[in-house]
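# how would this look folded up:
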Amino acid sequence: MNIGIRNQQRSSYRLLGLVGNGQFGRVYCGVHRKTGQLVALKYLQRHSLPTHAFLRELRCLLSLAHPNIVACYAVEHCRDGRRLVLEYGTGGTLRSHMLSPLKLGEILKLSFDILRGLAHAHQQGIVHCDIKPENILLGYHQGRWRAKISDFGIAKLIQEQSYRRGAGQTGSPAYMAPERFFRQYSPAADVYAVGVILFELLVGQRPFRGTPAVLQSAHLHQKVPHLDPSIEILQPLISKALEKLPARRYPTAVEMLADLEHLAPALSAEFCSPSYHFSSLAYSSHGQAAVHSGPQPLGHIQPLPSELSPAADKVHPWLMSHGSQLATLEESRRVHVCQQVLDSPIQGIYPTKTGVMVATHRALWCGLYPKLLTPLMRWSEPALIAVDQNHRWAVGVVNQTKQLTLTHLRKPNQVDHPIRRPLPPDLAVHQVIAVDGGHFAIVSQSPQNGTQLQFWNRRSLYLTTLDLGITLCQFTSTRQRHQWLALDRHAPETVILLGLKPLRMTRLNLDICPVLMLDLPWGYLFADKAGKILLLDRDFHPIGGIQGPAGITAIASLNSHDLLVATWQKDTQGQLYCLNLQEYDLDMIF
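Modelled structure (predicted):
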């Protein structure tokens with residue numbers, strides 16, 4: 001896209017949410033109204049950023065064209081200032097990427113990316129002056145996360161001298177070279193910041209911590225802590241990057257990159273960072289007997305509103321699927337199976353205030369449980385179905401015929417809205433999700449763009465398509481609006497936390513390959529085929545692990561400490577367990 005300045009009449013971009021709010025303005029995630037391209041819109045306010053500072057950042061961005069530097073697409077004038085249209089990092093920042101441990105191979109690749117981008121900037125005569133994890137954006141490209149340097153707002157131009165004095169002390173003290181505290185800058189100052197980041201990625205914490213005053217003293221006087229013996233081969237490189245005097249440091253990123261590439265083959269790509277990680281987590285055996293065994297698989301456990309319970313004193317308000325039938329869990333922990341057999345296995349249960357909706361592969365049923373259910377929608381072929389959270393409408397997509405049907409549940413006799421844009425015949429639909437009360441998304445995949453989210457409103461009007469780049473599956477809703485958990489098809493131990501407003505993907509690297517995910521009031525739960533149950537708190541730190549029964553098909557939280565676990569194995573049939581979390585060695589308060 002050519003760089004241009006456009007008048008602010010009607011923006012070509014629809015805002016998807018605020019990404020960040022800095023000293024000089026705000027950054028939003030946006031999508032092009034016609035092409036669907038994701039961009040970052042950086043609003044620069046005139047009163048906080050003088051024209052010469054704006055032109056300096058723009059000059060830096062226009063003079064840098066590199067895969068590891070965020071690209072600038074255009075400049076637009078808006079009501080209260082200007083805004084830059086920049087390349088968007090769907091993976092968020094390196095800081096968010098550090099929520100879970102990184103293998104050494106991934107650490108090295110990200111470090112290569114940062115150094116290559118910096119090397120290009122240094123060769124163009126530019127010093128970034130504020131390298132830190134928050135200014136490193138991530139995008140998914142060719143099967144891995146790729147780092148891109150952003151925010152050249154305080155960048156400086158290299159002069160003939162080895163370092164120059166800046167106009168003021170700006171930057172981030174935790175990553176500032178000693179000379180930066182005295183308003184001096186040079187390419188070696190950027191190298192120092194990379195050294196701090198690399199140390200933090202390897203160890204799990206920065207080499208120096210404290211208040212700005214304490215950090216200044218530490219950067220000037222304290223020695224660099226030693227690395228773990230298993231990676232001490234990197235100690236000379238880290239020590240040289242963090243030399244106190246610029247003359248003893250790598251002069252530019254080019255030299256540090258060369259040394260790191262020389263060391264890379266001698267390092268094991270399977271090593272995991274010695275920061276907190278899951279490999280040392282012990283999984284406690286559940287040791288519980290099944291409270292129910294039956295010939296059909298159990299799943300889709302949902303709370304049944306108490307007003308719908310036919311006998312509140314006898315029936316526990318929990319509803320579940322039993323093959324093609326509904327079942328309830330009684331207060332005595334016995335499972336009562338409904339006599340009605342539906343047309344095909346159940347793929348979703350939606351309790352409402354006035355009844356129950358049940359989605360099978362060929363129909364959507366509705367009724368007042370335990371009375372007989374009647375079909376609201378039917379399909380001749382198996383369909384993927386989604387019901388909006390307020391139970392006002394439902395949508396179904398038949399993959400074979402590419403038929404999209406939307407029905408208003410509160411007006412079942414009303415004719416469906418016409419589809420204004422038919423589904424492409426080559427669209428491979430994997431899931432349909434209700435985004436909110438007025439929109440739904442069709443999840444599809446393509447070899448070129450990975451997972452695509454095709455957004456429609458409840459009147460069957462097509463809106464836009466977002467290309468995620470990464471291949472995701474099994475989208476699971478969370479308690480946060482417009483947020484899902486999803487699995488990375490090409491990295492089975494990786495879970496992606498996907499947010500829509502703004503679009504952001506946060507990576508969680510686990511020690512299991514989850515097949516089931518759950519967002520609970522106190523944190524997150526993940527379970528694999530072998531029955532391992534991993535528990536994380538709201539900050540994604542491990543709480544503990546339970547070795548549960550194999551073949552888990554569904555889990556529900558009965559209360560703050562009881563889990564209802566359903567399993568299915570052909571040789572042991574369908575079973576139901578109740579696990580009391582208070583009986584296990586977990587790092588949580590009940």
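# start to end distance for stretch 321-338?
Start to finish, the residues bounding stretch 321-338 are 10 Å apart (C-alpha to C-alpha, to the nearest Å).
# hey, where'd the helices end up in the stretch 201-350 of the chain?
All helices of the stretch 201-350 of the chain, identified by DSSP state H, counting those that start in this stretch, fall at 212-221, 235-241, 253-263.
# in JSON lines, list those helices along with mean neighbour count and distance to Tyr13.
Where C-beta positions appear, they are placed from N, C-alpha and C, glycine not excepted. Listed next are the helices of the stretch 201-350 of the chain as JSON lines, based on neighbours: other C-beta atoms under 10 Å; distance: least, C-beta to C-beta, whole Å:
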{"stretch": "helix 212-221", "mean neighbour count": "15", "distance to Tyr13": "37"}
{"stretch": "helix 235-241", "mean neighbour count": "18", "distance to Tyr13": "39"}
{"stretch": "helix 253-263", "mean neighbour count": "18", "distance to Tyr13": "33"}
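# tabulate those (JSON lines), appending distance to Leu84 and mean pLDDT.
Formatted as JSON lines, these follow (distance: least, C-beta to C-beta, whole Å; pLDDT from 0 to 100):
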{"stretch": "helix 212-221", "distance to Leu84": "29", "mean pLDDT": "93"}
{"stretch": "helix 235-241", "distance to Leu84": "31", "mean pLDDT": "95"}
{"stretch": "helix 253-263", "distance to Leu84": "24", "mean pLDDT": "95"}
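# for those helices, which one sits closest to Tyr369?
Of all the helices of the stretch 201-350 of the chain, it is helix 212-221 that lies closest to Tyr369, at 61.6 Å by C-beta to C-beta.
# can I get the helices of the stretch 201-350 of the chain in CSV including distance to Glu330?
Shown next, in CSV, are those (distance: least, C-beta to C-beta, whole Å):
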stretch, distance to Glu330
helix 212-221, 61
helix 235-241, 62
helix 253-263, 63
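# out of those, which gets nearest to Val39?
helix 253-263 (27.0 Å).
# now for the helices of the stretch 201-350 of the chain, which one comes closest to Pro101?
Closest of those to Pro101 is helix 235-241, at 18.6 Å (criterion: C-beta to C-beta).
# got a list of contacts for the closest one?
191-192, 194-195, 198-199, 224, 226-227, 248-250, 256, 259-260, 263 (C-beta atoms under 8 Å, 6 or more residues apart in numbering).
# just the buried ones out of those, please.
Listed as buried from those are 191-192, 194-195, 198-199, 224, 227, 249-250, 256, 259-260; burial here means 16 or more other C-beta atoms under 10 Å.
# out of the residues you listed, who's nearest Phe475?
Leu198 (34.3 Å).
# identify the residue nearest the closest one in space, chain neighbours excluded?
Excluding its sequence neighbours, the residue lying closest to Leu198 (C-beta to C-beta, 6 or more residues apart in numbering) is Ser111, at 5.5 Å.
# quick check, that neighbour in a helix?
Yes. Looking at Ser111 with DSSP: H, G, I helix; E, B strand; the rest coil, it is inside a helix.
# tell me how many other residues surround Arg59.
14 (other C-beta atoms under 10 Å).
# that one: helix or strand, and which one exactly?
In the assignment (DSSP states H and E), Arg59 maps to helix 51-63.
# likewise Glu106?
Assigned by DSSP H and E, Glu106 falls within helix 104-123.
# from the chain's centroid, how far away is that helix?
23 Å (C-alpha atoms, centre = their mean, to the nearest Å).
# what's the first helix or strand after that helix?
Using DSSP H and E, the helix or strand that follows helix 104-123 towards the C-terminus is strand 126-127.
# so where's the protein shaky on pLDDT?
Across the chain, the ranges flagged by pLDDT under 70 are 1-10, 22-24, 45-53, 80, 159-170, 268-280, 306-316, 411-421, 590.
# domains for it, by residue range?
Under the assignment automatic domain parsing, the domains of the chain span 5-87, 94-266.
# so for Pro447, which of these sits nearest?
Pro447 lies closest to domain 94-266 among those, at 12.0 Å (C-beta to C-beta).
# quick one: end-to-end distance for the closest one.
Terminal residues of domain 94-266 are spaced 25 Å apart (C-alpha to C-alpha).
# which parts of the stretch 451-590 of the chain are strands?
Using DSSP state E, counting those that start in this stretch, the strands of the stretch 451-590 of the chain run over 462-467, 472-477, 483-488, 494-500, 503-509, 514-520, 523-528, 532-537, 542-547, 552-557, 562-569, 573-580.
# want to throw those into a markdown table with distance to Tyr43?
Shown next, in a markdown table, are those (distance: least, C-beta to C-beta, whole Å):
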| stretch | distance to Tyr43 |
| --- | --- |
| strand 462-467 | 22 |
| strand 472-477 | 30 |
| strand 483-488 | 24 |
| strand 494-500 | 20 |
| strand 503-509 | 18 |
| strand 514-520 | 33 |
| strand 523-528 | 34 |
| strand 532-537 | 35 |
| strand 542-547 | 39 |
| strand 552-557 | 42 |
| strand 562-569 | 46 |
| strand 573-580 | 50 |
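# for those, which one sits closest to Asp151?
Nearest to Asp151 among the strands of the stretch 451-590 of the chain is strand 503-509 (16.7 Å), distances taken as C-beta to C-beta.
# and the closest one, what does it pack against?
Packing contacts for strand 503-509, counted by 3 or more C-beta pairs under 8 Å, 6 or more residues apart in numbering; DSSP states H and E, involve strand 13-21, helix 94-97, strand 494-500.
# switch the ones you listed over to CSV; also include distance to Ser344 and mean neighbour count.
Shown next, in CSV, are the helices and strands packed on strand 503-509 (distance: least, C-beta to C-beta, whole Å; neighbours: other C-beta atoms under 10 Å):
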stretch, distance to Ser344, mean neighbour count
strand 13-21, 37, 16
helix 94-97, 41, 19
strand 494-500, 29, 22
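# now those as JSON lines including distance to Thr476?
Below are the helices and strands packed on strand 503-509 laid out as JSON lines (distance: least, C-beta to C-beta, whole Å):
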{"stretch": "strand 13-21", "distance to Thr476": "21"}
{"stretch": "helix 94-97", "distance to Thr476": "19"}
{"stretch": "strand 494-500", "distance to Thr476": "9"}
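# which one of the contacts of helix 235-241 is nearest to Val341?
Ranked by distance to Val341 (C-beta to C-beta), the contacts of helix 235-241 are led by Leu198 at 60.9 Å.
# can you tell me which residues contact the closest one?
In this structure, Leu198 makes contact with Ile107, Ser111, Leu234, Ile238, Ala241, judged by C-beta under 8 Å, 6+ apart.
# that one belongs to a helix?
Yes. Per three-state DSSP, Leu198 lies within a helix segment.
# how much space separates it from Leu58?
Separation of Leu198 from Leu58 (C-beta to C-beta, to the nearest Å): 30 Å.
# can you say which of the domains of the chain is nearest to Ala363?
Proximity to Ala363, assessed across the domains of the chain by C-beta to C-beta, is greatest for domain 5-87 (33.3 Å).
# show the backbone phi and psi for the nearest residue in space to Ala218 that is not next to it in sequence.
Closest residue to Ala218 apart from its sequence neighbours, by C-beta to C-beta, 6+ apart: Phe208 at 3.7 Å. Here is the backbone geometry of Phe208 (degrees, to the nearest 10): phi -130, psi 140.
# Phe208: neighbour count?
With other C-beta under 10 Å as criterion, Phe208 counts 21.
# so who does it touch?
Taking C-beta under 8 Å, 6+ apart as the criterion, Phe208 is in contact with Ala174, Val214, Leu215, Ala218, His219, Gln222.
# one more time with 7 Å, if that's ok
Counting by C-beta atoms under 7 Å, 6 or more residues apart in numbering, Phe208 makes contact with Leu215, Ala218, His219, Gln222.
# now the residues you listed as JSON lines including distance to Gln288?
Converted to JSON lines, the contacts of Phe208 look like this (distance: C-beta to C-beta, whole Å):
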{"residue": "Leu215", "distance to Gln288": "51"}
{"residue": "Ala218", "distance to Gln288": "51"}
{"residue": "His219", "distance to Gln288": "54"}
{"residue": "Gln222", "distance to Gln288": "52"}
